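# My questions are about this predicted structure, shown below with the sequence.
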Amino acid sequence: TGAGSGLGRLFALEFARRRALLVLWDINTQSNEETAGMVQHIYREMAEEAAAAAPGVAGDGEKDVLPHCNLQVYTYTCDVGKRENVYLTAERVRKEVGEVSVLVNNAGVVSGHHLLECPDELIERTMMVNCHAHFWVI
């Protein structure tokens, strides 16, 4: 969750380098798609490196090269602060991708206000995304 920017994006890119099939959630469709493009770029680079190394690997039984099959990235627009949106998106993921084995539940919001100056709506949003959403996503 929160894959469209910040730590969520960095986590996605690192998992891509480790050859993970990724499911990216973010409230911002455009930034989530940008992260997916970066992930696909990493996948392409790894495939090119493997293809370039393949001739040398055939004669060298010592080298361990991981397969590059099924390296995919899926994107979903989801507001984790809204329980029903989480449940519907999770069901789509189960149907379209399958079960998730590792969850990085990273989405979060910061109001930017001192507590006593923060409008009620921002306090509620902060609690929904930074607290309740963790339970709903799991």
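On my side now, so go ahead. Numbers count the residues shown, from 1 in each chain.
# Roughly how far does Q30 sit from A16?
Look at Q30 and A16: by CB to CB, to the nearest Å, they are 19 Å apart. (Each C-beta comes from the backbone N, C-alpha and C, glycine too.)
# The two: which is more packed in?
A16 (23 against 9; other CB atoms under 10 Å).
# and N70, what does it touch?
L21 (CB atoms under 8 Å, 6 or more residues apart in numbering).
# Equivalent analysis for Q30, please.
Q30 neighbours (CB under 8 Å, 6+ apart): G4.
# likewise the one 5 residues further on?
For T35, the residues meeting the contact criterion (CB under 8 Å, 6+ apart) are A3, G4, S5, G8, R9, A12, L13, L24, D26, T75.
# Could you tell me which of those belong to helices?
G8, R9, A12, L13 (DSSP state H).
# Looking at the residues you listed, which one is closest to M127?
Nearest to M127 among those: G8, at 19.4 Å, using CB to CB.
# separation between the closest one and H113?
For G8, the distance to H113 - CB to CB - is 23 Å.
# Check Y43 too.
Counting by CB to CB - Y43 and H113 are separated by 40 Å.
# so where is the chain shaky, pLDDT-wise?
55-69 (pLDDT under 70).
# what residues are up against N28?
G4, S5, T77.
# hmm, try it at 7 Å
G4 (CB atoms under 7 Å, 6 or more residues apart in numbering).
# can you give me phi and psi for it?
Dihedral pair for N28: phi -100, psi 110, per degrees, to the nearest 10.
# Same question for L22.
phi -110, psi 140.
# how near is it to V86?
Taken as CB to CB, the span from L22 to V86 is 18 Å.
# Tell me the bridge partners for the residue nearest the centre of the chain.
Nearest residue to the geometric centre of the chain (CA atoms, centre = their mean): L24, 3.2 Å. On the basis of DSSP bridges, L24 is bridged to T75.
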